[in-house]
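> Quick check, what structure comes out for this input:
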Amino acid sequence: MKNRYYDCSIRRWLLLLFLFLGLVSHAGAQAKPDAGWPNYGNDGGGTRYSPASQIDRTNVAQLKVAWTYRTGALPHDEELDKKAAFEATPILVDGKLFLSTPYDHVIALNPETGAKLWEFDPKLELPYGSSEVTSRGVSAWREPLAKSGKPCALRIFIGTLDARLVALDGATGKPCSDFGSDGEVDLTSSVKLRDPGDYQVTSAPAIFKDLVITGSSIGDNRSVTLERGIVRAFDARSGKLRWTWDPIAPWAYQTTPRTGAGNAWSTISVDAERDLVFIPTGSASPDYYGGIRKGDNKWANSVVALRASTGEFVWGFQVVHHDLWDYDVASQPTLFAWKDGTPAVAITTKTGQVFVLNRLTGAPLIPVEERPVPKSDIPGEEAYPTQPHSEISMVPEGLSPEDAWGKTPEERQWCAEKVKAVRNEGVFTPPSVKGIIVFPSSVGGVNWGSSAYDPARHLLLMNTNRIPIYVRLIPRDEFDDQRKSASSEDRLHGEFARQTGAPYAMFRTTLLAPGGTPCNAPPWGTVAAVDLFSGKKVWDVPLGSYVPGMSTGTVNFGGPIVTGGGLVFAAAAADNYLRAFDSETGKELWKFELPASGQATPMTYTLKGKQYVVIAAGGHGKLGTKQGDYVLAFTLP
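Predicted coordinates for the structure are as follows:
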C-alpha cells in the first residue's frame, strides 16, 4: 500500500512537473521577442537573415495577403516613369515601417494594418536625362540621450535623386531643422556637378554611431571626366561633414583628361563593433575605354575597409583590375563569421565570382588566383595582364559559338554566327571595334540584390543573371554617322554612348535571338546557394520564366532573404511572382502573383507574435516589367 501510494505520488509529481515545464516552455515561446528589420539588409552587415520562424516549410503554402498599401507614386511623369523602378526594402523601427518610393517620397506605415502614418515629399525637380529614377530605401538613427517625445529623437535619412541628404523626424515625417540647412545637406558640394540628373543617391545611407555615411550613383559612359565618386560621413545631429574618402585619389587627378567616378552606388556595410565600414566601388570613367587611366585603377571595382569613425583606409580588395566591362561591385558586402570564428566578408560580383576574405585584413579565406587574360587590340589601351579568380564561381564564364542557343535551329544558327563574328576569348576579352560578347554581362552575375546569409547552414544565397551583352567600340570620328545609320532596332534597344574625351565611343545591346530570347541556353536567371565553409555550390534553381511551361529563369533585379523557418523569399524576376524556396534544397514551396512586378528585396518581421513578409511591387521601367505602386504584406491565416 505504501509503495503503491509512493508510485502514484511520483507519477503525479512527474505529471505536474511535465505540465509545469510545458507551461514554462509555452510562456517562453510567447515571450520570445519579436524579430525586427531595422536596416536595409536587416543588420548592418547585410545578411538579410531573420530568425523569425513562425512561417516555415510546413505552412508557407498557407500564406495570405494581410494588407496592401498603394503609394500613389505612379503615374507621375510620362517620360521619367519609363525609368522608374520600385526597388525599396522597408525597415521596421519603433513600431513603424519606413520606405521610399521611386521619386523619394518617404512613407511611414502601421506594420500591422498597412495604414499610412505620414508621408514626406522632397519635391524633386528631375531633368528627363536623369540616369536613375529609384530609391532602394531609408535608414534610421536614434538619439541615445533623447528624452521621450523630443522632436527628431528618431531620425529617418534618405539620399535623393537630386543629391540631397535629408533627415526626417521618425514620429512626424517633418524635416529635422537642426540638420544641415532646414533638414538637408547638398551633396553636390565638392563634386563639380557635370550633368544634372546624373549625380544621385539611390541606396540607403549607412549608419555608424552618430555618423551617416553615403556614396553616390553616377551616370556611366558620358565622358572621361565625370563627377568625383567620393564617400562622405556626416554628423547625424548637425549634418556637419566629418570625413571624405575618394576611391580613386590621387592617381585619377593626374590623368589627362581627369577621370572620375569609381563611386560607391550600392549599399555600404557596417561593423560597428570593430569601427569598420565596407565600401563597394564601381569602375572609373568611362567603362569601356581605359587608355587614359592606365594601371589597375585602385580602388575602383573593389571592396574597401575604412575606419568608420575617421574614414582612414584599412585595406582593399580589387575584384577586377582596370575594368573595361562595367563590372562594378554592385552588391552590398556580406559580413559573417568564418568556421573558426574569424570575422569574414563575402563579396558577390557581376562576374559571378564570390570572394571570401578576412574582415580585418582583406586576406582571402578561400583561395584567389591571378589568371592571365587577353591583351587589347585597341591602340593606346593597356588591358591589365591578369584578373583575380575565386574558387567559387556561380555562373558560366564566356559564350562560345557551340554554346549558342535558340528556340529553333535557325535561331541557334543566327546566334552562333553573331558570336563567331566578334572577338571572343573568354570573360575578360577587352572591348574592340570588332565587337565582343560580355558574358556574364554588366547586369551580372549578381547585381545590387546582393546576397543573404543563413548562419545555421553557412549558406550564401544570391540571385544570379546569365544574359550576354554585345559591346563594340566606335572610333570617335565615326560615332555620329554610325548612330544615325543604325537600325531602328539598335536605337530602340541598344545604347550609344559618347565617352567624351576618349578616342572611342561605345555601343552595347543585349544579345537576343530574333525571337527575343537570349542567345545562351537557359536558365537566364537563378536563385543559388553556396556553402561558404566548403566553397561548394549546394543548389541553383531557375527564377521566373520567359517561356510558358518552361523554367527558363529571367533577368532579375532584387535579392533574396533567408529566415529561421528554413525559407528563402525572392521576387526580382521579370514575371510578377513572389516565391518561397526551401533553403536546404532550393525546392519552390510557394508563389504568389503580385499586382505588379517585384524588382525589390523582401523583408520580414514578427509583430505581437505574428510573422509578416513584405514586398514592394512596382515594377521596373527600364526592364519593361509591369509597373505599379503596391506594398503587400503576407501572413498565415
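> ok, residue 549 - how many residues close by?
Here the count is done by other CB atoms under 10 Å, and residue 549 has 6 residues near it. In short, each C-beta sits where N, CA and C put it, glycine included.
> Is it located within a helix, as I assumed?
No. Secondary structure of residue 549 (DSSP: H, G, I helix; E, B strand; the rest coil): coil, not part of a helix.
> Dihedrals phi and psi, the nearest residue to residue 51 once chain neighbours are set aside?
Distance criterion CB to CB, 6 or more residues apart in numbering; nearest residue to residue 51, sequence neighbours excluded, is residue 564 at 4.1 Å. Backbone torsions for residue 564, taken as degrees, to the nearest 10, come to phi -70, psi -10.
> same deal with residue 87?
Dihedral angles (degrees, to the nearest 10) for residue 87: phi -110, psi 10.
> which ones are touching the most centrally placed residue in the chain?
Centrality entry for the chain: nearest residue to the mean C-alpha point is residue 448, 2.1 Å, by CA atoms, centre = their mean. Listed by CB atoms under 8 Å, 6 or more residues apart in numbering, the contact partners of residue 448 are 87, 136, 203, 266-267, 330-332, 557, 559.
> how about those in CSV, adding distance to residue 603, secondary structure and pLDDT?
As requested, the contacts of residue 448 are exported to CSV (distance: CB to CB, whole Å; DSSP: H, G, I helix; E, B strand; the rest coil; pLDDT from 0 to 100):
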residue, distance to residue 603, secondary structure, pLDDT
87, 13, coil, 98
136, 12, coil, 98
203, 15, coil, 98
266, 17, coil, 98
267, 14, coil, 98
330, 20, coil, 98
331, 17, coil, 98
332, 14, coil, 98
557, 16, coil, 97
559, 11, coil, 98
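> May I ask you to confirm that the residue nearest to residue 51 is in contact with residue 53?
Yes. Counting by CB atoms under 8 Å, residue 53 is a contact partner of residue 564 at 3.8 Å.
> So which of these two has more stuff around it?
A count of neighbours by other CB under 10 Å puts residue 564 above the other of residue 564 and residue 53, at 20 against 15.
> wait, what's in contact with that one?
50-53, 456.
> 6 Å - rerun?
Residue 564 makes contact with 51-53 under the criterion CB atoms under 6 Å, 6 or more residues apart in numbering.
> show me where this protein has helices.
With DSSP state H as the criterion, the chain has helices at 2-31, 78-81, 409-420, 479-485, 488-493.
> which stretch in these is the model least sure about?
Least confidently modelled of the helices of the chain is helix 2-31, at a mean of 35 by mean pLDDT.
> pLDDT score for the residue nearest to the centre of the chain?
Residue 448 carries a pLDDT value of 98.
> Could you do the one 5 residues further on as well?
At residue 453, the pLDDT value in this model is 98.
> Return the distance of the closest residue in space to it that isn't next to it in sequence relative to residue 410.
In this structure, residue 453 finds its nearest non-sequential neighbour in residue 47, 4.3 Å apart by CB to CB, 6+ apart. Counting by CB to CB, to the nearest Å, the gap from residue 47 to residue 410 is 47 Å.
> Repeat that for residue 461.
For residue 461 relative to residue 410 (CB to CB), the value is 38 Å.
> which one of those two has more residues nearby?
residue 461 (28 against 12).
> quick one: that one and residue 450 touch, right?
No. Contact criterion CB atoms under 6 Å: residue 461 and residue 450 do not qualify, at 10.1 Å.
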